[in-house]
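Chemist: Sharing a sequence plus its predicted fold:
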Amino acid sequence: MRILLIEDYPPLARSLGRGLREAGYAVDQAADGEEGLALAESAPYDAIVLDLMLPKLDGLSLLARLRRDKNPAGVLILTARDGVGDRVKGLDVGADDYLVKPFALEELLARVRAVVRRRYPASDGVIQVGDLEIDTAARVVHRAGRLIALSGREYALLEYLARRRGQVVARSEIWEHLYDFASDPASNVVDVYVGYLRKKIDRGQAAKLLRTHRGLGYSLSAAE
């Protein structure tokens, strides 16, 4: 999944960016509201982590612009303001969740996962594709009851395809959701990770779930 982090305090921005990437997310970062708004309008983000006290354009004004323009990204607000009125105002403007500083990275990651799940709902947080089961809350994958160990990027790719199960997803669309602006869209990184994932979920299985549609993209679907 692709995340936009808009935070102007450099030490916190570096720490959060590193933590999100280590969790398997593609992350773009902005240090002020105007830059954040420009990025939010230029790519299909699954979630935006948004500080309220930003230079050039404050977080609430930025959020109001996004919702006015029907931007569908889930938004998690970060702020030092812990008053009930402040939280209500942020939620009323269109935030999906609210996290008061200081906070633990583990809590932020859990809230980001919850925001993404709300955008891509699945019954009880579990996606089933044939005998493949993906627990999106725990980020745990089983096939036919066997635990499958995945890297953060492999898991992100699998979850994205699973949320689009049965559909052919273009390579360019996968890149837009899983890789940040620092990545080269002309590289074969998507194909490489599809290959890694195929070996882990389909090797030794009679029914193949991950399919290549030559010239079109990839799909994840139960065997017909």
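Modeler: Cool, got the structure. Numbers count the residues shown, from 1 in each chain.
Chemist: List the contacts of stretch 146-157.
Modeler: Stretch 146-157 is contacted from outside by 1, 22-26, 139-142, 158, 174, 178, 193-194, 196-197, 200-201, using C-beta atoms under 8 Å, 6 or more residues apart in numbering. Backbone N, C-alpha and C define where each C-beta goes, glycine included.
Chemist: What about those residues, which are in helices?
Modeler: Those of the contacts of stretch 146-157 mapping onto helices are 22, 158, 174, 178, 193, 194, 196, 197, 200, 201, per DSSP state H.
Chemist: which of those has the most neighbours?
Modeler: Using other C-beta atoms under 10 Å as the neighbour test, the ones in helices among the contacts of stretch 146-157 are led by residue 158, with 26 neighbours.
Chemist: Name all residues that make contact with that one.
Modeler: With C-beta under 8 Å, 6+ apart, residue 158 has these contacts: 134, 141, 150, 197, 201, 220.
Chemist: Same check on residue 57?
Modeler: Taking C-beta under 8 Å, 6+ apart, we find residue 57 in contact with 32, 33, 34, 36, 37.
Chemist: Show me the residues you listed that map onto helices.
Modeler: Those of the contacts of residue 57 lying in helices (DSSP H): 33, 34, 36, 37.
Chemist: Filter those down to the buried ones.
Modeler: Among the ones in helices among the contacts of residue 57, the ones that count as buried by 16 or more other C-beta atoms under 10 Å are 33, 36, 37.
Chemist: Switch those over to TSV; also include distance to residue 5 and pLDDT.
Modeler: Shown next, in TSV, are those (distance: C-beta to C-beta, whole Å; pLDDT from 0 to 100):
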residue	distance to residue 5	pLDDT
33	13	95
36	9	95
37	14	95
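Chemist: related to what we said a few turns ago, and of the contacts of residue 57, the nearest to residue 46?
Modeler: The closest of the contacts of residue 57 to residue 46 turns out to be residue 36 (C-beta to C-beta; 15.6 Å).
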